[in-house]
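Trainee: Give the three-dimensional model of this entry:
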Amino acid sequence: MAEKMIPINTALMPAYYKDFHCIMGACQDNCCDDGWKIEFSKKDYLTVKRAAQSEELKTMVKQGMYRLREQEHDGMYAEFRINEAGRCAFHTAEGLCALQVECGAEVLPQVCRQYPRHIFYTAAAKEYSLVPSCEGVLALLRDLPGGIDFIEEPLHPSEVRYAHPRSSAEARFASIRAVCIDALQTRTLKLPQRLLLLGLLLQQLRETDWTCADAVDAWALRAEALLQDPSIPAELDAFPQNKRMFLLNNYKVLSLIKEGVGERQVSLFQDLQTSFFPSAPDEESGQVSFRMGGYRLLEEKLAELLDPSDYFFENLMVSVAFYLHVPDLSNPEDMWKSYVNLCNLYSFFRFAAVCAMEKEVSRARLFHILGVSSRSLLHNHARQDLLRDEFFENDSATLAHMAILLGG
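Mentor: Presented below is the predicted three-dimensional model:
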């Protein structure tokens, strides 16, 4: 039975949300320079068309913006042209936006003004997040050694909405998600252990009666107690590890996301692929050979760069979980799918970060590869679903297999 409507009258955001600013030309893969399609509404189209003052910008507008007549029914009216190099027509050689330089940021289409910000109503609040596919966001996450705090503010009455939860679990999204964030920020455990502990908690929630409010509340109490249980580290250490399976899975992900990206991104992913994979898969057997010792050395280099606390990856995964609204409480099956997807994302981000260290051990290199990887996954829901569903099709969406993904 569906729960009663509940008012959404607060805004929720990470404390660093208001600190974000675009780093513009300092970005290694500017969002106007990586082949992304930039589509926008009729209102935005007319605003841009009327704003140009100089003859040079008028020419750029005429040549660099065109109508999407077949897509008007989707709310998208026009698009900026992308040149052969994957660069927006308004992107200057200095890494700036010609439109913004001449006319100001208020002239830009909403998608340009908003990215990497993301605003979404959940059953908890009107939530404001920053997508970690932006190097400016990654830099903010690196400068939060104390972890991510969240702030809540009242909404203006005009912004208040009503949620229609379908179960007691969904009605308690705020408290359930808070438990999940607490698990990810439990620093007495290593980050892979925290993600595995999150899986244990969600596995228990999956088996709870979602129609019974008391049962869901009892789960939350047990979950909070489990986070403090001193026997948990030993229990988590008992899960299986398989480095080769970890590498094989991420090799497949890497091969997939190379498709459909720009030329520079393909080159970057190729660097990762050759960092410790000495050859392509055998044509007959499909087997891939690895330089295991080389991978371990790169892991050590990454650990030195990040320092032992690894708070950067903690912040990254908290921000990803918040952005993706994990856990999905539509139903028990979708909740587990959201967890499997989160594990797969962490696994690949860690894998990509390690491989990136062969060419250069630096914060800039780390941000570059994680930004591009995020754009190839977080902004491609069909690709996320494809990778996630493959685990279910192969009967690999188990907590034991997630332990292998997390332990690489």
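
Trainee: Please make it C-alpha for all contacts and neighbour counts, starting now.
Mentor: Noted.

Trainee: can you list the weak-confidence ranges in the stretch 301-408 of the chain?
Mentor: When residues are selected by pLDDT under 70, those of the stretch 301-408 of the chain lie in 308-309.

Trainee: And the strands in it?
Mentor: Counting by DSSP state E, counting those that start in this stretch, the stretch 301-408 of the chain has no strands to list.

Trainee: Where does the prediction get shaky in the stretch 151-300 of the chain?
Mentor: Looking at the stretch 151-300 of the chain by pLDDT under 70, you get 259-264, 275-291.

Trainee: can you give me the strands in it?
Mentor: Using DSSP E, counting those that start in this stretch, the strands of the stretch 151-300 of the chain run over residues 161-163.

Trainee: now the helices for it?
Mentor: Listed in chain order, the helices found in the stretch 151-300 of the chain under DSSP state H, counting those that start in this stretch are 168-171, 173-184, 191-206, 213-227, 232-237, 243-257, 263-276, 292-306.

Trainee: Arrange those helices in TSV, one row each, with mean neighbour count as further columns.
Mentor: Output for the helices of the stretch 151-300 of the chain, formatted as TSV (neighbours: other CA atoms under 10 Å):
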stretch	mean neighbour count
helix 168-171	25
helix 173-184	20
helix 191-206	22
helix 213-227	16
helix 232-237	13
helix 243-257	16
helix 263-276	17
helix 292-306	16
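
Trainee: right, and the ones you listed - which one's nearest R87?
Mentor: helix 263-276 (11.2 Å; CA to CA).

Trainee: what's the offset of that closest one from the middle of its chain?
Mentor: How far helix 263-276 lies from its chain's middle: 20 Å, per CA atoms, centre = their mean, to the nearest Å.

Trainee: Stretch 102-122 now?
Mentor: Using CA atoms, centre = their mean, the mean C-alpha position of stretch 102-122 is found 18 Å from that of the whole chain.

Trainee: quick one: buried residues of it?
Mentor: For stretch 102-122, the buried set under the neighbour-count rule, 16 or more other CA atoms under 10 Å, comprises 103, 107-109, 112, 116-117, 121-122.

Trainee: ok, and what's touching that stretch?
Mentor: Residues lying outside stretch 102-122 but in contact with it, judged by CA atoms under 8 Å, 6 or more residues apart in numbering, are 8, 38-41, 44-45, 47-48, 51-53, 99-100, 126-134, 137, 163, 323, 325.

Trainee: Could you rerun that using 7 Å?
Mentor: Counting by CA atoms under 7 Å, 6 or more residues apart in numbering, stretch 102-122 makes contact with 40, 44, 47-48, 51, 100, 126-131, 134, all of which sit outside it.

Trainee: From those, which land in helices?
Mentor: Among the contacts of stretch 102-122, the members falling in helices are 44, 47-48, 51, 100 (criterion: DSSP state H).

Trainee: For E79, which of the helices of the stretch 151-300 of the chain is the nearest?
Mentor: Distance to E79, taken as CA to CA, is lowest for helix 263-276 among the helices of the stretch 151-300 of the chain, at 20.9 Å.

Trainee: other SSEs contacting the closest one?
Mentor: Based on contacts counted as 3 or more CA pairs under 7 Å, 6 or more residues apart in numbering; DSSP states H and E, the elements that helix 263-276 packs against are helix 332-356.

Trainee: now the helix it packs on against helix 263-276, angle please.
Mentor: Orientation of helix 332-356 against helix 263-276 (axes from the mean of the first three to the mean of the last three CA atoms, to 10 degrees) gives an angle of 80 degrees.
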